[in-house]
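Student: give me the fold of what follows.
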Amino acid sequence: MFGIHAVESVLKHAPERVLELWLMTGRQDERVLPLLEIAQNWGIKAQQAARKTLDEKAESTQHQGIIIRVRPAKVLTENDLEALLDATETPFLLILDGVTDPHNLGACLRNADAAGVHGVIVPKDNSAGLTPTVSKVACGAAETVPLFQVTNLARTMKRIQERGVWIAGTAGEADSTLYEANLKGPLAIAMGAEGKGLRRLSREGCDTLISIPMAGSVSSLNVSVATGICLFEAVRQRLG
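Tutor: Model prediction:
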């Protein structure tokens, strides 16, 4: 993992996962010093490395001079999702169907964290996982928002409906708009991949389909932008 926010989030929320920490030679400033202090408190020693070495380790030049090697995060499954539903009075979930771009997944996780989403559900196949790029784009949200990888998304959707969660899916052909929908109460918002949208079984598994009103000439929005719009309309209604 690399980047200030991603490294900070791991050090604060899961320092036991950190195996090694590399810092660019000569970097000693107010952004990294607090991170080095946290690392030192957990017995993690920073190793100095040249920029070129960090570029190679991160396979990117966007590491901001700090990289950590970590143990893989625990993969959350259907059983973990059941435990979340048991512990949450009014669940607020995000379902991402077929979002394979790690930049989009990272941005969606960041939106979910900001909106107070309790968990994000993705299919085990045909979806991006928690890669270093996802963590970097998510700016720490990858460590704070539970990501559930499920084997059969349609079956999981049916299961959460049985637990009283209303699923609102986004689709261009929807009869009602986002702003006409009731997004209060136990809720999951289902978003599809750019271009393709929700897959047929996922679309058919939703309780209702909604669309975002489009006034311009473009036919669709980036999935992370559309996700942010939908989540925060739900937040607005739930706070009202």
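
Student: so who does the most centrally placed residue in the chain touch?
Tutor: Centroid-nearest residue in the chain: Leu109, 2.1 Å away (criterion: Cα atoms, centre = their mean). Each residue near Leu109 by Cβ atoms under 8 Å, 6 or more residues apart in numbering is listed here: 120, 134, 138, 141-142, 145, 147. C-beta: built from backbone N, CA, C; applies to glycine.

Student: SS state for it?
Tutor: Using DSSP: H, G, I helix; E, B strand; the rest coil, the structure places Leu109 in helix.

Student: so it versus Glu194, what's the distance?
Tutor: Separation of Leu109 from Glu194 (Cβ to Cβ, to the nearest Å): 16 Å.

Student: can you count the residues close to the nearest residue to Ala58 once chain neighbours are set aside?
Tutor: Of all residues not flanking Ala58 in the chain, Phe2 sits nearest, at 4.4 Å (Cβ to Cβ, 6 or more residues apart in numbering). Number of residues near Phe2 (other Cβ atoms under 10 Å) recorded here: 22.

Student: next up, phi/psi of Phe2, please.
Tutor: Phe2 adopts backbone torsions of phi -150, psi 160, taken as degrees, to the nearest 10.

Student: hang on, it packs against Arg69?
Tutor: No: the pair Phe2 / Arg69 is not scored as a contact, 10.1 Å apart, by Cβ atoms under 8 Å.

Student: what helices or strands is the lowest-mean-pLDDT helix or strand in the chain leaning on?
Tutor: Lowest by mean pLDDT, DSSP states H and E among the helices and strands of the chain is helix 132-138, with a mean of 84. When contacts are defined as 3 or more Cβ pairs under 8 Å, 6 or more residues apart in numbering; DSSP states H and E, helix 132-138 packs onto helix 4-13, helix 102-115.

Student: same list (these) but as CSV, adding distance to Ala73.
Tutor: CSV is the format used below for the helices and strands packed on helix 132-138 (distance: least, Cβ to Cβ, whole Å):
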stretch, distance to Ala73
helix 4-13, 9
helix 102-115, 12
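
Student: could you say which of these is packed most deeply?
Tutor: For those, the largest average neighbour count (mean count of other Cβ atoms under 10 Å) is found in helix 102-115, namely a mean of 23.

Student: still on that earlier bit, worst mean pLDDT among the helices and strands packed on helix 132-138?
Tutor: Looking at these, the lowest mean pLDDT belongs to helix 4-13 (a mean of 91).

Student: what's in contact with it?
Tutor: Residues outside helix 4-13 that contact it (Cβ under 8 Å, 6+ apart) are 1, 17-18, 21, 31-32, 34-35, 38-39, 42, 44, 64, 66-68, 70, 132, 135-136, 138-144.

Student: swap in 7 Å and give it another go.
Tutor: For helix 4-13, the external contacting residues (Cβ atoms under 7 Å, 6 or more residues apart in numbering) are 1, 17-18, 31, 35, 38-39, 64, 66, 68, 70, 135-136, 139-140, 143-144.

Student: same check, this time on stretch 178-188
Tutor: Contacts of stretch 178-188 (Cβ under 7 Å, 6+ apart): 90-93, 95, 160, 164-168, 208, 210-212, 230, 233-234, 237-238.

Student: helices - which of those land there?
Tutor: If you go by DSSP state H, the contacts of stretch 178-188 have 160, 230, 233-234, 237-238 in helices.
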